[in-house]
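Engineer: A structural model of the following input is requested.
(2 chains)
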Amino acid sequence: MTDQQTVAPPAPPEEPGTRSPRRSRGDGSHARNFSAGFLAKLVLVALVDALGVYGILTALAVESWGIVAFLALALVVVNWVYFSRRAVPGKYLVPGLLFLLVYQLFVMAYTGYVAFTNYGDGHNSTKSDAIESIAIQTETRVEGSPTLPVTVVRSGDELGFAIVQDGEVEVGTADEPFAPVDGASVDGDRATAVPGWEVLGFAGIAEDQEAITALRVPLSDDSADGSVRTQDGSTGYVYQPTLVYDPETDTFTDTATGETYTPSDSGNFVSEDGDRLTPGWRVGVGFDNFTRVFNDPRLTGPFLQITAWTFVFAALSVATTFALGLFLAIVFNDPRVRGRKVYRSLLILPYAFPGFLSALVWKGMLNPKFGYINEVLLGGADIPWLTDPWLAKVSILMVNLWLGFPYMFLVCTGALQSIPEDTIEAARIDGAGRMRILRSMTLPLLMISVAPLLISSFAFNFNNFTLIYMLTGGGPNFVGTPVVVGHTDILITMVYSVAFESGTKQYGLASALSILIFVVVGLIAWLGFRRTRTLEEI
Amino acid sequence: MADTAVKRDLQLRGRRWWLEVGWRHVVAIVTIAACILPLLYVLSASLNPGGTLTGSNQLFRTIDLENYRDLWGRGYGSWFVNSLVVSTVTAVGTVLMGGAAAYAFSRFRFQGRRSSLTGLLIVQIFPQMLAFVAIFLLLLSIGDVFPVLGLNSRFGLIAVYLGGALGVNTFLMYGFFNTVPRELDEAAKIDGATHAQIFWTIILRLVAPILAVVGLLSFIGTFGEFIVAKVVLQRPEEFTLAVGLYFWAADERTARWGLFAAGAVLAAIPVILLFLFLQKYIVAGLTAGSVKG
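Structural biologist: Numbering: from 1, shown residues only, chains lettered A, B, ... in the order given. Okay, the predicted model is just below:
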């Protein structure tokens, strides 16, 4: 793994010096003094402004108020920082901080927010979106309505219908309701040519048949008015929703049966008999996502097993890699061994090989039927390395040992070499034996520099998504769980499975599990800092 | 005294040599064999034309570059380019933004400096990828406004990676910036240099080694990043190598194993070269901050 994270203890910031930001005035006005740097800044900020304004306008159009507010604020800050003389440090911090704010701090906070909602398939959007799509989904052809001659038209990639209403040609598309067009020609009750649109003949209709039969052109902006659809590309029918929304009572009424559906706390319209209309919308569900894993007995067992395995996996990974790495470091930390440099370069090859590739190569080698390990090394054995719950765990630990020991070897070698020779020499003179020196001198001294790395290695393996996902994909799977998880899943792969790979996407539940990981990682780091401090007092 | 001990020990012979030194070579050879075997295996599989998993088990039975030729018609080329572009842009952006932030923290004294440093320290504890669900949802919304920065876009992916730039690297750079004597910028300032001139022409040149290390580490890290790339990129032509090769290898039954192996070998070469070249810096970077003094 090339991206072992290091938790660096805080380098004590220097005390503020005597310097203060430059505040000279007078001679340096930009208005009189155009340097190349100033022009470059002007162009860059102008570009950012242009993009920002474009973004604000588009965001207004799609009604993303959060993005509008953020962009407006960001533009004010950027322009102030880069054209004010008082914000010199800001000029260097703003770009990085903006990215940090959006893609790290915001997403962390957003995880927290989503964890308390039922965001996911069936609850993807707002209530008004849900009302509109319910109305559209339940549209049926109006009984006894007359047929409507339609002309299929196209402009670029966009398909539309042209119809004749009261002698006037109207054109509409999936997004734009029917609106009158000037200058179109009519033959009888059918439009034959529409300016700006290409009229499709039989061949054109046949080519795009699927898109045309799926096309729904609304009659007006109000989804309750219904739409025009066609089956054959020449005759259309008016479709109207059988469920009608009444904004005053905030209910849906079925026009056929008269049944009413009222909004429920869980973000769905529900009838008195308990029939639910889909889709629903996003609502806050409190701690439901957090308690769900304990309230649903089909989830509790797997969840507890996965949590336990995550800790075991991370702890054993650190222990095995550290043990082997330390052993090798001690073995080769002897000037009498010739060729140590060559050995060292070859030993770190697994660490230099990109981690995701190693996991995939091992997956192939461990394949029970055709893999190299079973076929060649074990002479045609049939050992289910990746499909037996226990063996899969062993395989994962072995592969992670292969991947991880070079890192520990490098770290331990470095730490061993930094232990002063005379301290060891003094112990030897005092009559300490080899084992005694190792146990009482070398190891404690080594731990000072290595312990924080062990802790960060634990945190890294705790979230080692790539290895698990690529090697076993979490399998072999548990049977009968509502989400697809398996014996070798760790928490972060479980989050992925809940969010994206379990049929219905449940972002709320996935985020709640992420929060759990955040808490654990935070605790580990806190322990790490404390441990560093106590060790440094030695 | 140590030297004479070494000389004496080098003359060890026979049983004594085996007990003191020889077994260490045995350990080395066994471990190295275990290290290299999978790498040899993938190299051999890549040279075995039309190789399936079974067909690849006899190491170096045939040597043929057919797999390497076949790679290019199947999207591998664009994955490679995507990976290089995404990793390079991320590395350059990381170096620039991290360097600028480290300069501000190291050379200016402003309100909130200490708390920002502490804040960064706390933020870097939590890897960005933990929030991949929220990243997905965020990009889903951004895509409505800026499709270029939304899902399924390399630029969107780069922007996400750049979000993690400040947290991880600023401290490494900050420490290094502090070692550049302030007298240098004082002198330049007396000569009339602006803060921007000092940054671009003096400081950045002096800290070039750390910039190179941070840039290359960021490159290697981004090159192997999988989960965020998998979440953000959904169309094969936008894939990076990590995502694309995963799909090839995940497909076990078909005959793509040889192709995957060839792709893996090519993908690994730049990283291994960078790594061997950077070996000592990487070790220094790994232990930076953890060793006292």
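
Engineer: Give me the distance between B:Gly156 and chain A.
Structural biologist: Here B:Gly156 is placed at a distance of 10 Å from chain A (CB to the nearest CB, to the nearest Å). No exception for glycine: its C-beta is placed from N, CA and C like everyone else's.

Engineer: Pull the contacting residues for B:Ile63.
Structural biologist: When the contact criterion is CB atoms under 8 Å, 6 or more residues apart in numbering or on different chains, the partners of B:Ile63 are B:Leu47.

Engineer: does it sit in a helix, a strand or a coil?
Structural biologist: Secondary structure for B:Ile63, judged by DSSP: H, G, I helix; E, B strand; the rest coil, is coil.

Engineer: show me what contacts the closest residue to chain A within chain B?
Structural biologist: The nearest approach of chain B to chain A comes at B:Gly163, 2.3 Å away (CB to the nearest CB). Listed by CB under 8 Å, 6+ apart, the contact set of B:Gly163 reads A:99-100, A:102-104, A:107, B:128.

Engineer: quick check, nearest of these to A:Leu71?
Structural biologist: Distance ranking of these against A:Leu71, using CB to CB, places A:Val102 first at 10.6 Å.

Engineer: Could you list which residues are in contact with that closest one?
Structural biologist: A:70, B:138, B:159, B:163.

Engineer: Nearest to A:Phe313 among the residues you listed?
Structural biologist: Nearest to A:Phe313, judged by CB to CB, of these is B:Gly163 at 27.9 Å.

Engineer: Can you name the residues that contact the nearest residue to the closest one once chain neighbours are set aside?
Structural biologist: Leaving aside its chain neighbours, B:Gly163 sits nearest to A:Tyr103 (2.3 Å; criterion: CB to CB, 6 or more residues apart in numbering or on different chains). Taking CB under 8 Å, 6+ apart, we find A:Tyr103 in contact with B:128, B:135, B:138, B:159-160, B:162-164.

Engineer: Check which helices and strands the helix or strand A:Lys341 falls within sits against.
Structural biologist: A:Lys341 is part of helix A:340-347 when elements are defined by DSSP states H and E. With contacts defined as 3 or more CB pairs under 8 Å, 6 or more residues apart in numbering or on different chains; DSSP states H and E, helix A:340-347 has these neighbours: helix A:297-332, helix A:389-417, helix B:23-46.

Engineer: Comparing the ones you listed, which comes out most buried?
Structural biologist: helix A:389-417 (a mean of 21; mean count of other CB atoms under 10 Å in any protein chain shown).

Engineer: quick check, A:Tyr261 in a strand?
Structural biologist: Yes - according to three-state DSSP, A:Tyr261 belongs to a strand.

Engineer: What residue spans form the domains of the chain?
Structural biologist: I'll assume chain A. Per the record, chain A has its domains at A:36-114, A:127-277, A:295-536, by automatic domain parsing.

Engineer: if you could check chain B rather than the one you did, that'd help
Structural biologist: According to automatic domain parsing, the ranges for chain B are B:2-67, B:76-287.

Engineer: Low-confidence stretches in the chain?
Structural biologist: Assuming you mean chain A. Low-confidence segments of chain A (pLDDT under 70): A:1-34, A:532-538.

Engineer: could you do chain B instead?
Structural biologist: Within chain B, the segments meeting pLDDT under 70 span B:1-13, B:50-51, B:252-255, B:280-293.

Engineer: Could you count how many residues lie near residue 166?
Structural biologist: Just so you know, I chose chain A. Other residues lying near A:Asp166 total 6 when counted by other CB atoms under 10 Å in any protein chain shown.

Engineer: please go with chain B instead
Structural biologist: 28.

Engineer: how many neighbours does the closest residue to it other than its chain neighbours have?
Structural biologist: Excluding its sequence neighbours, the residue lying closest to B:Leu166 (CB to CB, 6+ apart) is A:Gly96, at 4.1 Å. Using other CB under 10 Å as the criterion, A:Gly96 is surrounded by 27 other residues.

Engineer: What distance do you get for A:Gly96 to B:Met173?
Structural biologist: Counting by CB to CB, to the nearest Å, the gap between A:Gly96 and B:Met173 amounts to 11 Å.

Engineer: Equivalent analysis for A:Ala512, please.
Structural biologist: Using CB to CB, one gets 36 Å for the distance from A:Ala512 to B:Met173.

Engineer: and if you look at B:Ala229?
Structural biologist: Separation of B:Ala229 from B:Met173 (CB to CB): 25 Å.

Engineer: same question, B:Leu259
Structural biologist: Distance of B:Leu259 to B:Met173, computed by CB to CB: 40 Å.

Engineer: again, but for A:Thr466
Structural biologist: Distance of A:Thr466 to B:Met173, given as CB to CB: 26 Å.

Engineer: Of those two, give the one with the bigger neighbour count.
Structural biologist: When A:Thr466 and B:Met173 are compared for neighbours, A:Thr466 comes out ahead with 27 against 24, by other CB under 10 Å.

Engineer: Tell me if I'm right that that one and A:Leu357 touch.
Structural biologist: No - A:Thr466 lies out of contact with A:Leu357 (CB atoms under 8 Å); the separation is 10.2 Å.

Engineer: which ones among the contacts of B:Gly163 are found in helices?
Structural biologist: Using DSSP state H, the subset of the contacts of B:Gly163 located in helices is A:99-100, A:107.

Engineer: Up against chain B, what does the stretch 201-350 of chain A have?
Structural biologist: A:328, A:331-332, A:334-337, A:343, A:345-350 (CB under 8 Å from any CB of the partner chain).

Engineer: Buried ones among these?
Structural biologist: Those of those that meet the buried threshold are A:328, A:331-332, A:337, A:343, A:346-350, by 16 or more other CB atoms under 10 Å in any protein chain shown.

Engineer: I'd like those residues laid out as JSON lines, including distance to A:Ser266.
Structural biologist: Output for these, formatted as JSON lines (distance: CB to CB, whole Å):
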{"residue": "A:Leu328", "distance to A:Ser266": "57"}
{"residue": "A:Val331", "distance to A:Ser266": "62"}
{"residue": "A:Phe332", "distance to A:Ser266": "62"}
{"residue": "A:Val337", "distance to A:Ser266": "68"}
{"residue": "A:Tyr343", "distance to A:Ser266": "63"}
{"residue": "A:Leu346", "distance to A:Ser266": "60"}
{"residue": "A:Leu347", "distance to A:Ser266": "57"}
{"residue": "A:Ile348", "distance to A:Ser266": "54"}
{"residue": "A:Leu349", "distance to A:Ser266": "54"}
{"residue": "A:Pro350", "distance to A:Ser266": "50"}
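
Engineer: on that earlier part again, need the residues touching each of A:Gly96 and B:Met173.
Structural biologist: Joint contacts of A:Gly96 and B:Met173 (CB under 8 Å, 6+ apart) are B:98, B:101.

Engineer: which residues in the stretch 151-293 of chain B form helices?
Structural biologist: Taking DSSP state H, counting those that start in this stretch as the criterion, the stretch 151-293 of chain B carries its helices at B:154-163, B:165-179, B:182-190, B:195-197, B:204-206, B:208-224, B:227-232, B:241-250, B:257-287.
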